[in-house]
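I'll drop the sequence and a predicted model, then ask my questions.
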Amino acid sequence: MDKNRTCVGAISGSYGVRGEVRLKSFCLKPRDIESYGPLTSEDGSSIFVLKITNQLKIGFSGKIDGISNKEDAEKLKGTRLYVARDKLPDLSNDEYYHSDLIDMKVIDTQGCEIGNIKALHDYGAGNILEIYVKELKNTVLVPFNELSVPKVNLEEGFVIVDPPEGITFREGK
């Protein structure tokens, strides 16, 4: 993953017949996706100049330069939209970009390496870390809050996790 770029949204399909797209924004302020300037595809081979046209029940509709019909808009379905990291606002000490956490090493409170963060989810009740646990050869979900994740060290690339009761990182425990 290119740490100099961050995924800020995705195209979820076409909208109408004039080339507009349905858009999901992953930004804290969803409408900000439009203000970051040209966006790129994951591999950087395509550049998208986006103008939001309408607020939808889920996400936005938007116009992308060069896309003028439903068929071309539909071809973009599933395209993840990236922006250069330096275009994003600076964060306070207790805030993190999701992309910074992906693949970080996970250590338990005894200092033992557990695995790596595979994803960060938000199902509406707060952020959840999906951690690949080496010993289990599977993933475990842990709340991403100060109690369960007392330390995040971006510089050294690790988080310390103290899982709530009932969540284990060991076989048979």
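Looks like it arrived, so ask away.

nearest spatial neighbour of the residue most central in space within the chain, skipping sequence neighbours?
For the chain, residue 98 is the residue whose C-alpha lies nearest the centre (Cα atoms, centre = their mean; 4.9 Å). In this structure, residue 98 finds its nearest non-sequential neighbour in residue 120, 4.7 Å apart by Cβ to Cβ, 6 or more residues apart in numbering. Every residue, glycine included, has its C-beta placed from N, CA and C.

Is the one you found part of a helix or strand, or is it coil?
What DSSP: H, G, I helix; E, B strand; the rest coil gives for residue 120 is strand.

How about the contacts made by it?
98, 101, 102, 127, 128, 129, 130, 144 (Cβ atoms under 8 Å, 6 or more residues apart in numbering).

Out of the residues you listed, which comes closest to residue 112?
Nearest to residue 112 among the contacts of residue 120 is residue 129, at 17.0 Å by Cβ to Cβ.

What pLDDT does the model give the closest one?
At residue 129, the predicted lDDT confidence score is 96.

I'd say it and residue 152 touch.
No - counting by Cβ atoms under 8 Å, no contact exists between residue 129 and residue 152, whose distance comes to 10.3 Å.
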